[in-house]
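Peer 1: need a structure here:
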Amino acid sequence: MRDSVSDRFMNRSAVVLLPLALADVALGLPAGFQIREFAGPPNADYPAGITVAANGDVYVSSDQNGSLGHKKDFGRIIRCRDKDGDGKADDFIHFVPNVDSPRGGHFVGDTLYLVHPPFLSSFRDTNGDGVADEKKLLVTGLGGGIEHPRGADHTTNGVRMGIDGWLYISVGDFGTFPAKGTDGSSYTLQGGGVIRVRPDGTQVEPYALMVRNICDTAISPELDLFSRDNTNDGKGWNTRFHHFTALADHGYPRMYQNFADETIKPLADYGGGSGTGALWLDEPGFPEEFTNALFSTDWTTGTVHYHPWKKSGASYAVEQKTFEKLPRATDIDVDGNSRLYLADWRNGGFNFSGPGKPVGMISQVVFPGATPAKYTDVTKAGDGDLVQREHQVPRGNRRRRHSPRARPAGDGGSAR
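Peer 2: Reported below is the predicted structural model:
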């Protein structure tokens, strides 16, 4: 079984697709949740990742090259907006019309931070027309893109901001060669792990070292980091679930077999699979079990998992349960209105599937039995309103919704 990011784009004919209308019954969505199609081909396809703004706009990292293609001008960021409020996107704009190998991102204020290996860049729409007109290159040397012999395969795939204001970058086993910031700071990572950088591209430094091939990292409001790793093709490193702490060595590929006691052990070993997306959900509008919840997605098993947890010493003990089954699950994110979004690569392969062939789907998941949050543009709120909201909104939601006081009209807010 292939373990890598390639597995996210593998065409497995044995997968049986079921209508989304039946998904909460047939595919295991927990009781009370509802799922519906939010966006799909031809308007939004090939979702290598999704980034959701607090107002509910979904930014799809659409990469028709998949993991192994090498064609230029095959990537774009598509903003999907539900203007009439019926739960399905009806307005589509190419926020970034042309970007090679778009992967995971994070919206903060009016800025989209995007990994498009081997780069991390920021994009802003300064005139409110829905299209980014400002781009800043922040970090170079993040794995490989279409110029690599294998394309953007085992490369750098994700970025999220922690409550500390650092951007945490999920690096695949292409490593960095080196990752270099705007101030000349750099770090060479010989394999998978997490590096971090300031939002202006300065102070590049390592955070977690020597994992196999991660795609995304969930970050809790208390700055605990988690990731679902990929296997190494049956050589003893299975789908590991990691808890990352500063400068910890997780042992791949040198130490995990013979010197495991000198490395950080995973929280769990889940056997075969291919880890993709990750999310720490700390939002109102969900049942208690999912109010402070850890999620991961797996491409090979086609599963969105949630992980009930409890503190255990300086780390955590986690379980694994099925939240939803989706063919070739790639990512998960949430908005500021208590709506989850799931991305999958259904009908796709390693490369472009050809003109007219629909690939991928974005689904929206809601819980009608609870009162949802209501996103408010905090840039238009008074000081008294902000103080009141600070006492009402969970910690993770505070990070997600609050943003710089000055930004252009038409911005979607901050999320992820």
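
Peer 1: only C-alpha atoms for contact and neighbour calcs from this point on.
Peer 2: Fine.

Peer 1: for Glu289, helix, strand, or coil?
Peer 2: Following DSSP: H, G, I helix; E, B strand; the rest coil, we place Glu289 in the helix state.

Peer 1: give the contact list for it.
Peer 2: The contact partners of Glu289, taken as Cα atoms under 8 Å, 6 or more residues apart in numbering, are Pro308.

Peer 1: On the pLDDT front, check it for me.
Peer 2: pLDDT recorded at Glu289 is 93.

Peer 1: Can you name the residues that contact Tyr59?
Peer 2: Tyr59 touches Ile50, Thr51, Val52, Ala53, Ile77, Ile78, Arg79, Cys80, Phe95, counting by Cα under 8 Å, 6+ apart.

Peer 1: from those, which is closest to Ala329?
Peer 2: Ile50 (11.6 Å; Cα to Cα).

Peer 1: Could you tell me the per-residue confidence at the residue lying closest to that closest one once chain neighbours are set aside?
Peer 2: Nearest non-adjacent residue to Ile50, counting by Cα to Cα, 6 or more residues apart in numbering: Val60, 4.7 Å away. Val60 is assigned 98 on the pLDDT scale.

Peer 1: my guess is Val60 contacts Ala89, does it?
Peer 2: No - Val60 is beyond contact range of Ala89, at 11.9 Å (criterion: Cα atoms under 8 Å).

Peer 1: more crowded one of these two?
Peer 2: Taking neighbours as other Cα atoms under 10 Å, Val60 and Ala89 compare with Val60 leading, 29 against 23.

Peer 1: C-terminal to the strand or helix carrying the more buried one, what's the next element?
Peer 2: Using DSSP states H and E, Val60 sits in strand 58-63. Counting by DSSP H and E, the element after strand 58-63 in chain order, helix or strand, is strand 75-81.

Peer 1: what pLDDT, on average, does whichever helix or strand comes after that following strand get?
Peer 2: Counting by DSSP H and E, the next helix or strand C-terminal to strand 75-81 is strand 91-96. For strand 91-96, mean pLDDT is 98.

Peer 1: helices and strands around strand 91-96, which ones?
Peer 2: strand 75-81 (3 or more Cα pairs under 8 Å, 6 or more residues apart in numbering; DSSP states H and E).

Peer 1: Strand partners (parallel or antiparallel) of the strand it packs on?
Peer 2: Looking at strand 75-81 with DSSP bridges, its partner strands are strand 58-63 (antiparallel), strand 91-96 (antiparallel).

Peer 1: From the chain's centroid, how far away is that strand?
Peer 2: 15 Å (Cα atoms, centre = their mean, to the nearest Å).

Peer 1: Format the strands paired with strand 75-81 as JSON lines; extra columns: distance to Lys374.
Peer 2: Below are the strands paired with strand 75-81 laid out as JSON lines (distance: least, Cα to Cα, whole Å):
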{"stretch": "strand 58-63", "distance to Lys374": "17"}
{"stretch": "strand 91-96", "distance to Lys374": "21"}
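
Peer 1: which residues of the stretch 251-400 of the chain score low on pLDDT?
Peer 2: Applying pLDDT under 70 to the stretch 251-400 of the chain flags the ranges 390-400.

Peer 1: all helices of it, in order?
Peer 2: With helices called from DSSP state H, counting those that start in this stretch, the stretch 251-400 of the chain shows them at 383-392, 395-401.

Peer 1: Tell me how far the closest residue to Ala293 other than its chain neighbours lies from Ser338.
Peer 2: Closest residue to Ala293 apart from its sequence neighbours, by Cα to Cα, 6+ apart: Leu281 at 5.0 Å. Separation of Leu281 from Ser338 (Cα to Cα, to the nearest Å): 10 Å.

Peer 1: Asn65 too?
Peer 2: Distance from Asn65 to Ser338, by Cα to Cα: 32 Å.

Peer 1: residues contacting Gly87?
Peer 2: Gly87 neighbours (Cα under 8 Å, 6+ apart): Arg36, Phe38, Gln364.

Peer 1: gap between it and Asp183?
Peer 2: Applying Cα to Cα, the value for Gly87 to Asp183 is 43 Å.

Peer 1: secondary structure element for Leu138?
Peer 2: strand 134-142.

Peer 1: next one: that strand to chain centre, how far?
Peer 2: Between the centre of strand 134-142 and the centre of its chain there are 18 Å (Cα atoms, centre = their mean).

Peer 1: Which strands and helices lie in contact with the very next helix or strand once past it?
Peer 2: Once the chain leaves strand 134-142, the next helix or strand it forms, by DSSP H and E, is strand 158-161. The contact analysis (3+ Cα pairs under 8 Å, 6+ apart) places strand 158-161 against strand 105-108, strand 111-116, strand 167-171, strand 218-219.
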